[in-house]
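1. Here is my input, please return the structure:
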Amino acid sequence: MNLVEIKAKSNFRVYVRYDDGASGIVDLAGFVGKGVFAAWNQPGMFEKVYLAEAGHPEWPGGLDLCPDFLYLQLTGKRAEQVFPALKQMPTHA
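-> Residues are numbered from 1 along each chain as shown. Take a look at the predicted model:
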């Protein structure tokens with residue numbers, strides 16, 4: 001699954017669409033003002049999101065998010081469901 005579209009929506013939400021047909025709104029409001037996401041407090045900054053050439057959402061200044069994270073948030077799936085190889089990884093502390 002690859003991110004093929006992203007659009008900023010109101011209240012720090014984004015519309016995302018993936019090449020497997022999954023699409024919808026992901027709420028990112030919980031990140032606003034925290035760490036590097038403080039940049040989103042600047043007027044108009046969140047709305048400048050674009051799909052970078054490498055296939056991830058990005059904002060000016062190099063702020064980006066993992067498209068896999070957005071996919072998991074969108075679908076409600078666990079990482080092991082989307083990436084079956086994770087089930088086979090050892091879980092040693």
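2. Please make it C-alpha for all contacts and neighbour counts, starting now.
-> Fine.
3. Where do the strands of this structure begin and end?
-> 3-9, 13-18, 23-27, 50-51, 57-59, 63-64 (DSSP state E).
4. With respect to burial, which of the ones you listed scores highest?
-> Mean neighbour count (mean count of other CA atoms under 10 Å) peaks for strand 57-59 among the strands of the chain, with a mean of 21.
5. For residue 37, give me its contacts.
-> Taking CA atoms under 8 Å, 6 or more residues apart in numbering, we find residue 37 in contact with 31, 63.
6. Report the central residue of this structure.
-> residue 70 (3.4 Å; CA atoms, centre = their mean).
7. what sits against the closest residue in space to that residue that isn't next to it in sequence?
-> Nearest non-adjacent residue to residue 70, counting by CA to CA, 6 or more residues apart in numbering: residue 26, 6.9 Å away. Going by CA under 8 Å, 6+ apart, residue 26 touches 13, 14, 15, 16, 70, 73, 74.
8. State the distance from residue 26 to residue 86.
-> Between residue 26 and residue 86 the computed distance is 24 Å (CA to CA, to the nearest Å).
9. swap in residue 63?
-> From residue 63 to residue 86 the distance is 27 Å (CA to CA).
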